[in-house]
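K.L.:
Have a look at this prediction, sequence included:
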Amino acid sequence: MLGQNAVWLHEEAVSIDVSSEGVTLDPDVDVVVNRLLLSKSTTPLEDRSITSCYAAVQSVLNDPRNALFAVHKHAAASRLSLYSLRCRERSDRDDVKKNGCGSNRVIR
């Protein structure tokens, strides 16, 4: 990996110190690759907060806010509406279930 070492950032392996002098994160890494969309974590909120701490002070690929928008249906719909993508009402709940949507609104 181009002379770099990969580090898995998770609750047990990260130390976050916030003081009047700023934020100190350990381990100190050059860049964070946020894979939370692929995560099978049992503590997804904690994982997102760790990524958000790193994002506040350094480069993070796949901003943690975007991961949140992608995994939460109302957040995703809100973001899509900013770009004029509309949700269409569906009255047939069986059709919605068949198509794999978790509510009665389908993004088109």
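P.N.:
Yep, that arrived.

K.L.:
just the helices in this structure please.
P.N.:
In the chain, the segments counted as helices under DSSP state H are 44-57, 64-71, 73-82, 93-98.

K.L.:
can you redo the ones you listed as CSV with mean neighbour count and distance to Val14?
P.N.:
Just so you know, the C-beta spots here come from the backbone N, C-alpha and C atoms, and that holds for glycine as well. Formatted as CSV, the entries for the helices of the chain read as follows, by neighbours: other C-beta atoms under 10 Å; distance: least, C-beta to C-beta, whole Å:
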stretch, mean neighbour count, distance to Val14
helix 44-57, 16, 5
helix 64-71, 17, 14
helix 73-82, 13, 25
helix 93-98, 11, 40
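
K.L.:
weakest of those helices by average pLDDT?
P.N.:
Set side by side, these show their lowest mean pLDDT on helix 93-98, which sits at a mean of 47.

K.L.:
ok, back up a step: next, format the helices of the chain as a markdown table and append distance to Pro27.
P.N.:
Formatted as a markdown table, the entries for those read as follows, by distance: least, C-beta to C-beta, whole Å:
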| stretch | distance to Pro27 |
| --- | --- |
| helix 44-57 | 10 |
| helix 64-71 | 18 |
| helix 73-82 | 30 |
| helix 93-98 | 44 |
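
K.L.:
quick one, which of the ones you listed is nearest to Leu9?
P.N.:
Taking C-beta to C-beta, helix 44-57 is the member of the helices of the chain nearest to Leu9, at 5.7 Å.
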